[in-house]
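Colleague: I would like the atomic coordinates for the input below:
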Amino acid sequence: MLIDSHIHIALDGIDIKNTKALGSLEEKEAWIRKILKHYKEKKIFMMRDGGDLCGLSSMAREIAKEVGIIYKTPLYALYKKGHYGALLGKAIMDLVDFRIEFQKLVALKPDHLKVPLTGLVCFDQYGKIGPIAFTKKELAYMTAAAHDQGLAIMVHANGAEAVQMAIEAGVDTLEHGYFMTERELQGLAEKDIVWVPTLAPLGNLVEKRDERFLKEIPIIEKTYRQHQELFYRAVDIGVRIAVGSDAGAYGVLHGSGFFDEISHMVKAGLSEKTVYEMACENGIKALQIKAEEIQSIENEVSKT
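Modeller: Okay, the predicted model is just below:
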């Protein structure tokens, strides 16, 4: 059972302008059906989105029901105004804002809450990431609020300090986690937090020697190799890891991105069998898949 635990259907892996140009509902639906078809052709029947502000992941969840796919989405993320996250959702300033926006979000029935805690990894300066957006108090409050509603919280975080904040807050899944240390790996293992390392966005650039980032390739490769080492160490100490490709990010295409991620994990030193087992077992936990959902997908797979 193949599960991609981190995708963005509002992005196409090539140019953000392409999906932004989708104007009508008919164009959006055609795009979604095309992408979901790609996933089914690759035998990927379960996926988790990171959310978007244009409503594509919301539409995808409904269409997925028609075509026999389980699609989990936060609908849109809640990010700190002035920080990373504008492509993913709505900006909030403080906990007062959060309470207002979270109440609106819950009414729409999201599958989980998505919170970007930091920015992206920098390609022109090794080890540099965007600033931490929320305080420890704010993240802990948002995590508790999600759990009170029976929702998991999916947190985008890079850097040791931010990852440690996420661990202490008790988040359910950690996305990316670049530049964390042994301390945070141990914390993830102890708290049984699912880590989705997303090796493919950087690994694909390195392997393809992408012309768009030729000058930055040495730093990208150094970052990627360090992340592979973290990943391998995490497996060794028992961190629960799910396979999430970050499909839609530049250079990571929908459908094939999952197998790119598998490949990067195998190149880090794991057997392919082990990685596929992690993708299934820990993907089920990351997506909070229920027994009846597994049965429905098994029935769907048997038809193909």
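
Colleague: sketch out the helices for the stretch 51-200 of the chain, chain order is fine.
Modeller: 56-67, 95-107, 136-148, 160-169, 182-191, 200-208 (DSSP state H, counting those that start in this stretch).

Colleague: pull the longest helix from the chain.
Modeller: The residue-count maximum for a helix in the chain (DSSP state H) belongs to helix 217-237.

Colleague: in CSV: the helices of the stretch 51-200 of the chain, plus mean neighbour count, distance to residue 243 and mean pLDDT.
Modeller: In short, each C-beta sits where N, CA and C put it, glycine included. Listed next are those as CSV, based on neighbours: other C-beta atoms under 10 Å; distance: least, C-beta to C-beta, whole Å; pLDDT from 0 to 100:
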stretch, mean neighbour count, distance to residue 243, mean pLDDT
helix 56-67, 19, 19, 96
helix 95-107, 15, 27, 98
helix 136-148, 17, 23, 98
helix 160-169, 22, 19, 98
helix 182-191, 18, 16, 98
helix 200-208, 23, 10, 97
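
Colleague: and residue 285, which of those is closest to it?
Modeller: With C-beta to C-beta, the closest approach to residue 285 among those belongs to helix 182-191: 12.9 Å.

Colleague: mind giving me the packing neighbours of the closest one?
Modeller: helix 160-169, helix 217-237 (3 or more C-beta pairs under 8 Å, 6 or more residues apart in numbering; DSSP states H and E).

Colleague: any idea of the mean pLDDT in the longest helix of the chain?
Modeller: In this model, helix 217-237 has a mean pLDDT of 97.

Colleague: extract the CA atoms of the next helix or strand after it and return them as PDB.
Modeller: Tracing the chain past helix 217-237, the next element assigned as helix or strand by DSSP states H and E is helix 256-267. Output of helix 256-267 as PDB, limited to C-alpha atoms (Å, rounded to 0.1, in the frame of the first residue of the first chain):
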ATOM      1  CA  SER A 256       6.800  10.100  -9.700                       C
ATOM      2  CA  GLY A 257       7.900  12.200  -6.700                       C
ATOM      3  CA  PHE A 258       7.000   9.400  -4.300                       C
ATOM      4  CA  PHE A 259       9.500   7.000  -6.000                       C
ATOM      5  CA  ASP A 260      12.100   9.800  -6.100                       C
ATOM      6  CA  GLU A 261      11.800  10.000  -2.300                       C
ATOM      7  CA  ILE A 262      12.100   6.200  -2.000                       C
ATOM      8  CA  SER A 263      15.200   6.300  -4.100                       C
ATOM      9  CA  HIS A 264      16.900   9.000  -2.000                       C
ATOM     10  CA  MET A 265      16.100   7.000   1.200                       C
ATOM     11  CA  VAL A 266      17.600   3.800  -0.300                       C
ATOM     12  CA  LYS A 267      20.700   5.800  -1.400                       C
END
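
Colleague: tilt between the helix or strand that helix 256-267 is followed by and helix 217-237?
Modeller: Scanning forward in sequence from helix 256-267 by DSSP H and E, the next helix or strand is helix 272-287. For helix 272-287 against helix 217-237, the angle by axes from the mean of the first three to the mean of the last three C-alpha atoms, to 10 degrees is 90 degrees.

Colleague: that'll do, ta.
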